[in-house]
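[1] quick one: sequence plus predicted model below, questions after.
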Amino acid sequence: MRLLGDKLKQYRKQKNLSQQELAEGICTQATVSLMEKKNKVPSIKIILEICRRLNISFEDVLTGMGNGLDEQFSRLSRALRFGDFHGADRILVQIDLASIQNSFDRERYHYFRGFVEIFSRQRTDEAIFHFNLLLHRSYRMPWDLYAIVSNLGMALAYVDRKEYDQVHYYLREAMAYLDGYEWHEEGEFKRLIWARYRIAQLYTQLEQPQLVNENVDAALRLVKQEDSLYLIDVLYELKGQAEQALLATAAAKQSLEIAKTLAVVTHNEALQQRLGRTTGSILTD
């Protein structure tokens, strides 16, 4: 992993910050100077806080973070987003653990391993182990993406164990991080929408439609703001189901009709089939 000091300096100047102003409350001015002039990496925690202050992603000023594993982790991410958990498992077992030599790669590995253990291998204890490693790292941020997905992963694992107090605890933790999170790149945007969608699914299982709507609406606001179609069809499906549970029949019908239309646009055939049955039953109620 190598710091691009020139790029860091460029971003700092774009924000009209001195080195001292950038460093305030995070590190010393001398540390910022070494970062910019000598490409020194003080710690991941300091880099994350510096990037936060500059409103950039750490991928903007770091190179070689993946140590050759970026493509495999990108494939894992795509497989999880599309629900191909067995495909994710096949990718994961191809990763040479000896090649994981930095904290960035270790965190990504534990994140993917946790979800593979839940959805492909059905080993919740193993999943909890890997998510706990993420939750108990040496640094934690109030806007930490790994804290969001790890808390969500813990909730999913405890659903399997039917320990619902724990499920509620970790869902509240995940939502608290989500409420304050500012994303910087498309990958982060998609993970946030995916997290809201998964949380809404869990609240559907827990029969708490108001909290389903709260998370769906938060996701839909962001999706619409970015003119994105990412998961928008299934988000409207969940919204319609929650409105049905709240006895808001007219609103449920509208949401499910929107989901049905969007499913055609997104070529989501499975959703089209589900909604063909669902909307028909609402019309006859």
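    Cool, the structure landed.
[2] what comes into contact with stretch 123-139?
    Contacts with stretch 123-139, where a contact means CB atoms under 8 Å, 6 or more residues apart in numbering, come from 43-45, 48, 103, 107, 110-111, 113-115, 117-118, 146-147, 149-151, 153-154, 156-158, 160-161. Backbone N, C-alpha and C define where each C-beta goes, glycine included.
[3] quick one: the strands in the stretch 51-200 of the chain?
    62-63 (DSSP state E, counting those that start in this stretch).
[4] quick one: residues contacting the residue positioned nearest the centre of the chain.
    In the chain, the residue lying closest to the centroid (CA atoms, centre = their mean) is residue 191, at 3.0 Å. Residues near residue 191 by CB under 8 Å, 6+ apart: 77, 145, 148-149.
[5] and which of those is nearest residue 52?
    The closest of the contacts of residue 191 to residue 52 turns out to be residue 145 (CB to CB; 11.8 Å).
[6] please report the distance of the closest one from residue 191.
    The spacing between residue 145 and residue 191, counted by CB to CB, to the nearest Å, is 6 Å.
[7] what does residue 160 give?
    22 Å.
[8] give me the beta-bridge partners of residue 62?
    residue 3 (DSSP bridges).
[9] show me the contacts for it.
    Neighbours of residue 62 in contact, by CB under 8 Å, 6+ apart: 1-4, 41, 47.
[10] can you report how many residues lie near residue 182?
    9 (other CB atoms under 10 Å).
[11] just the buried ones from the contacts of residue 191?
    Buried by 16 or more other CB atoms under 10 Å: 77, 145, 148-149, out of the contacts of residue 191.
[12] show me which pair in those is furthest apart.
    Maximum distance among the buried ones among the contacts of residue 191 (CB to CB): 14.5 Å, for 77 and 148.
[13] C-terminal to the longest helix along the chain, what's the next element?
    In the chain, taking DSSP state H as the definition, the longest helix is helix 186-205. For helix 186-205, the following helix or strand on the C-terminal side (DSSP states H and E) is helix 209-225.
[14] show me what the helix or strand just after that following helix is packed against.
    Remark: after helix 209-225, the chain's next helix or strand is helix 232-245, criterion DSSP H and E. Counting contacts by 3 or more CB pairs under 8 Å, 6 or more residues apart in numbering; DSSP states H and E, helix 232-245 is packed against helix 186-205, helix 209-225, helix 249-265, helix 269-284.
[15] how does it look with 6 Å?
    Packing partners of helix 232-245 (3 or more CB pairs under 6 Å, 6 or more residues apart in numbering; DSSP states H and E): helix 209-225, helix 249-265.
[16] residue contacts, residue 6?
    For residue 6, the contact set (CB atoms under 6 Å, 6 or more residues apart in numbering) is empty.
[17] doesn't it fall inside a strand?
    No. Read with DSSP: H, G, I helix; E, B strand; the rest coil, residue 6 is helix and lies in no strand.
[18] hmm, residue 89 is touching residue 116, no?
    Yes. At 5.0 Å, residue 89 counts as touching residue 116 under the criterion of CB atoms under 6 Å.
[19] more neighbours: which of those two?
    For residue 89 versus residue 116, the count of surrounding residues by other CB under 10 Å is larger for residue 116: 26 against 19.
[20] any idea of the pLDDT on that one?
    pLDDT, residue 116: 96.
[21] so it sits against residue 93, correct?
    No. Between residue 116 and residue 93 no contact is recorded; they are 9.0 Å apart, counting by CB under 6 Å.
[22] now do the shared contacts for those two.
    In contact with both residue 116 and residue 93: no residue, using CB under 6 Å, 6+ apart.
[23] any idea how far residue 116 is from residue 99?
    Distance from residue 99 to residue 116, by CB to CB: 18 Å.
[24] residue 25 now?
    Distance from residue 25 to residue 116, counting by CB to CB: 38 Å.
[25] and residue 134, by the same measure?
    14 Å.
[26] which SSE is the closest residue to residue 42 other than its chain neighbours in?
    In space, and not counting its chain neighbours, residue 42 is closest to residue 31: 5.3 Å by CB to CB, 6 or more residues apart in numbering. Taking DSSP H and E as the definition, one finds residue 31 inside helix 29-38.
[27] one step back: I'd like the distance between the residue nearest to residue 42 and residue 21.
    Going from residue 31 to residue 21 by CB to CB gives 14 Å.
[28] neighbour count for these two, which is higher?
    When neighbours are counted by other CB under 10 Å, residue 31 comes out ahead of the other of residue 31 and residue 21, with 18 against 13.
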